[in-house]
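A.B. asks: let me see the structure of the following:
(one chain, ligands or ions: 1)
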Amino acid sequence: MAQFVKTDSGKRLTRLITNGYMDNIVKAQQGAFVVWIAIIVPAEIFAGFDNVIYCVPESHSALCAGKGVGVSLCEKAENLGYSMDLCSYARIDMGCHFNQGADSPAGGLPKPDLLVSNNNNCTLLAKWFDVYHREWDIPHFILDIPFCYESQKQRDMEYIVSQFQDLIQTVEKLSGQKFNPEKMAQAWENSVEANKHWRRFLAAAKNKPSGITAFDSFVQMAPTLTMRGTPELAEHYRFLADETEARVDQGIVPAPNEKYRLLWDNIAPWHQLRKMSSRLGALDANIISASYTYCLGSREGSLDLLDLESLSPLEGMARLQNFSICPHGLQLRGRAMKQAIEEMDIDGVVFASNRSCKVYSLMQMDQQRYVQEELGVPTVMIDVDHADERKYSEETAFVRMEALLESIDEARR
Ligand code: SF4
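C.D. replies: From the prediction side, this is the model:
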């Protein structure tokens, strides 16, 4: 049965995240220029300035959901007239920040001087940041990222780089600070280094029994979003990967009696991490990997890392703009999932149809058919919302997941 043991890297992570949120509040009070960004926006650019900090509302909303205040914050936004059908990250964020950081376990985010979003994950995000643009009269810079049906084209990369250059000039103008490309290059090196260790950590899923659960990777992913470009991130992922490899060598794994190796498709169910992991563990099932985390830094339609070292920092950051699953079409998603199933010897796939993230969920029925019929791997579809617990039924989800385990047993006979 899977057991929750707070590892040293887990304790380290808690300190890093807590300090990161607190540092941002203190630095903003001391006059730092504050940028709110969408998760894919290249944070390393801001490291090129002496006193520019960045905050990631999506990540903060996930934290709120994980700490059990997602629903109350969603309700605050709904009471302001925002529809329950909007992404719960947006509702949590607006519920929190239109109420002066109410209920945030991190004290909320310092008010921004600039908003930077992009349009390749979803258009909702740009609209969400536009609300702050209108309500608080704050400039909003939108990165226009070409849609991704295949590997990124050279001309698309150049188009994105030119927008990064505009962004740098915009921050210079608004903050009154001079940009230093060497500092940005150092931050970029830190990110590339961090990602290599991240992949070493994820590779522990190939072990039998798996050295990790996908739930570990969901939690450990957070500083990739909030601390990108820092030496502390690279050091943390080095520590995490070393610790995980050592534990595997010693036979310390989360589900020693692992009978079912499962793959998760979609964003993490932040309000369910511990419950879902423990309940699956009692069935000797382990969700060992997730499309949400194996895509970090990957080539489109693959689990293999992008070759970023031959690129300049701005080109590398532009090349990375396509790594997340949301902008990928069916072929890219199918190819990466096939590779994951083969490399990690997956027994079954849990497709989590996410009421909030329509762009992630839209193609899941086709992908489910592909995995089941063409790859011959049993699957199940469950209904979730990544941050609004009102849209999730634990019992219904587990009835379906138990049926998946029965299908796997059946297929083995
Ligand atoms: S809808 Fe999906 S991609 Fe858009 S903000 Fe919500 S979680 Fe992110």
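A.B. asks: got the contact list for N51?
C.D. replies: When contacts are counted by C-beta atoms under 8 Å, 6 or more residues apart in numbering, N51 touches 27, 31-33, 175, 177. Just so you know, the C-beta spots here come from the backbone N, C-alpha and C atoms, and that holds for glycine as well.
A.B. asks: where's it relative to the ligand, distance?
C.D. replies: Per C-beta to the nearest ligand atom, to the nearest Å, N51 is found 28 Å from the ligand.
A.B. asks: measure that residue to V35 for me?
C.D. replies: Applying C-beta to C-beta, to the nearest Å, the value for N51 to V35 is 12 Å.
A.B. asks: just checking, M157 touches R319?
C.D. replies: Yes. Applying C-beta atoms under 8 Å as the test, M157 and R319 come out as touching, 6.0 Å apart.
A.B. asks: narrow the contacts of N51 to those that are buried.
C.D. replies: Listed as buried from the contacts of N51 are 27, 32-33, 175, 177; burial here means 16 or more other C-beta atoms under 10 Å.
A.B. asks: and of the residues you listed, the nearest to C326?
C.D. replies: Within the buried ones among the contacts of N51, proximity to C326 (C-beta to C-beta) peaks at F33, which comes in at 28.8 Å.
A.B. asks: I figured the closest one hits S175, correct?
C.D. replies: Yes. Using C-beta under 8 Å, F33 is in contact with S175, at 3.9 Å.
A.B. asks: so for the nearest residue to A205 once chain neighbours are set aside, what's the pLDDT?
C.D. replies: Leaving aside its sequence neighbours, A205 sits nearest to I288 (C-beta to C-beta, 6 or more residues apart in numbering; 4.4 Å). Looking at I288, its pLDDT is 97.
A.B. asks: give the contact list for I288.
C.D. replies: I288 neighbours (C-beta under 8 Å, 6+ apart): 205, 210, 212-214, 261-263, 344, 346.
A.B. asks: same question, N119
C.D. replies: N119 is in contact with 125-126, 142-145, counting by C-beta under 8 Å, 6+ apart.
A.B. asks: quick one, which of those are buried?
C.D. replies: 125-126, 142-143, 145.
A.B. asks: just put those in JSON lines and tack on distance to the ligand.
C.D. replies: Below are the buried ones among the contacts of N119 laid out as JSON lines (distance: C-beta to the nearest ligand atom, whole Å):
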{"residue": "L125", "distance to the ligand": "4"}
{"residue": "A126", "distance to the ligand": "9"}
{"residue": "I142", "distance to the ligand": "14"}
{"residue": "L143", "distance to the ligand": "14"}
{"residue": "I145", "distance to the ligand": "13"}
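A.B. asks: out of those, which are inside strands?
C.D. replies: Among the buried ones among the contacts of N119, the members found in strands (DSSP state E) are 142-143.
A.B. asks: how far does stretch 125-132 sit from its chain's centre?
C.D. replies: Computed by C-alpha atoms, centre = their mean, to the nearest Å, the chain-centroid distance of stretch 125-132 equals 19 Å.
A.B. asks: what's the answer for stretch 275-290, then?
C.D. replies: Offset of stretch 275-290 from its chain centre (C-alpha atoms, centre = their mean): 20 Å.
A.B. asks: can you give me the end-to-end span of it?
C.D. replies: 17 Å (C-alpha to C-alpha, to the nearest Å).
A.B. asks: then stretch 72-90?
C.D. replies: By C-alpha to C-alpha, the extent of stretch 72-90 from end to end equals 13 Å.
A.B. asks: could I get the buried residue list for that stretch?
C.D. replies: Buried positions in stretch 72-90, judged by neighbour count with 16+ other C-beta under 10 Å: 73-77, 82, 86-90.
A.B. asks: report the contact partners of M221.
C.D. replies: M221 neighbours (C-beta under 8 Å, 6+ apart): 292-293, 296.
A.B. asks: including pLDDT and neighbour count, could the residues you listed go into a markdown table?
C.D. replies: Shown next, in a markdown table, are the contacts of M221 (pLDDT from 0 to 100; neighbours: other C-beta atoms under 10 Å):
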| residue | pLDDT | neighbour count |
| --- | --- | --- |
| Y292 | 93 | 22 |
| T293 | 92 | 21 |
| L296 | 86 | 19 |
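A.B. asks: okay, and which of those map to strands?
C.D. replies: Short answer: the contacts of M221 have none in strands (DSSP E).
A.B. asks: how far out from the middle of the chain is stretch 319-328?
C.D. replies: Relative to the centre of its chain, stretch 319-328 is centred 12 Å away, using C-alpha atoms, centre = their mean.
A.B. asks: that stretch vs the ligand: in contact?
C.D. replies: Yes. Judged by C-beta under 6 Å from any ligand atom, stretch 319-328 comes into contact with the ligand at C326.
A.B. asks: quick one: average pLDDT of that stretch?
C.D. replies: On average, stretch 319-328 scores 88.
A.B. asks: again with stretch 66-73
C.D. replies: What stretch 66-73 shows for mean pLDDT is 96.
A.B. asks: check stretch 12-29 too.
C.D. replies: Throughout stretch 12-29, pLDDT has a mean value of 96.
A.B. asks: the chain should start at 762 in everything you say after this.
C.D. replies: Yep, numbering from 762; the last one is stretch 773-790 now.
A.B. asks: buried sites along it?
C.D. replies: Using 16+ other C-beta under 10 Å as the test for burial, stretch 773-790 gives 773-774, 777-778, 781-782, 785-786, 788-789.
A.B. asks: next: stretch 998-1007.
C.D. replies: Residues of stretch 998-1007 classed as buried: 998-1002, 1004-1006 (neighbour count, 16+ other C-beta under 10 Å).
A.B. asks: which outside residues touch stretch 1009-1016?
C.D. replies: 762-764, 965, 968, 970-974, 977, 1008, 1038, 1042, 1045-1047.
A.B. asks: from those, which would you call buried?
C.D. replies: Among the contacts of stretch 1009-1016, those scoring as buried are 763, 965, 968, 970-974, 977, 1008, 1038, 1042, 1045-1047 (criterion: 16+ other C-beta under 10 Å).
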